[in-house]
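> Here is a sequence together with a model predicted from it:
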Amino acid sequence: MDVGGDGFSSPETDLSRHLKNFFTWVAVRIVLAQLRELGSWETHAELHHFAETHSLKDGDSFINQLMTEHQELALRVLKVRELYPKEEFEWGKCKKLVVDDMREANLRIMREYLYKTSLLPSASKPTDTNDPS
């Protein structure tokens, strides 16, 4: 399906950027969990504080800033960010969830629209014909 080439990047390219930022966030969560499991409370607190005080909207910028303050943590986050989508993330499951969610949302929106546009102004919600009352 052609989405137009008017100087815009492809949807896949745009999503790739968003996913990189998302996987940075996931990597931080994974590293925090690993540090907690290892009992590395001081290092855990450092990363937790850093993540709370620095924006994760731009994953590369976040890691660059982390690199200047906590190089070892930054390297660990970089490695997890690289490995997680390659080895752990369930791409097929994600696609199915997106497709199913989109279909359900589209049906709900159309159902709501049809309901709104098919009622007379004085009509109320239809009653259940199986209701004995």
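Thanks, I have the structure now. Owing to the predicted nature of the structure, the values given are computational and were not obtained by experimental measurement. Numbering: from 1, shown residues only.
> Sticking with the residue positioned nearest the centre of the chain, tell me its helix or strand.
Residue closest to the average C-alpha location in the chain (Cα atoms, centre = their mean): F22, at 5.9 Å. Here F22, judged by DSSP states H and E, is contained in helix 11-38.
> List the buried residues for that helix?
Within helix 11-38, the residues that count as buried by 16 or more other Cβ atoms under 10 Å are 19, 21-28, 30-32, 35. Glycine gets a C-beta too; all of them are placed from N, C-alpha and C.
> Switch those over to TSV; also include distance to F89.
Converted to TSV, the buried residues of helix 11-38 look like this (distance: Cβ to Cβ, whole Å):
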residue	distance to F89
L19	9
N21	14
F22	10
F23	8
T24	13
W25	13
V26	8
A27	11
V28	15
I30	11
V31	16
L32	18
L35	21
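> So which of those residues is the closest to R81?
Nearest to R81 among the buried residues of helix 11-38: A27, at 3.9 Å, using Cβ to Cβ.
> so that closest one makes contact with V80?
Yes. Under the criterion of Cβ atoms under 8 Å, A27 makes contact with V80 at 4.0 Å.
> Now the common contact residues for those two.
Common contact partners of A27 and V80 (Cβ atoms under 8 Å, 6 or more residues apart in numbering): none.
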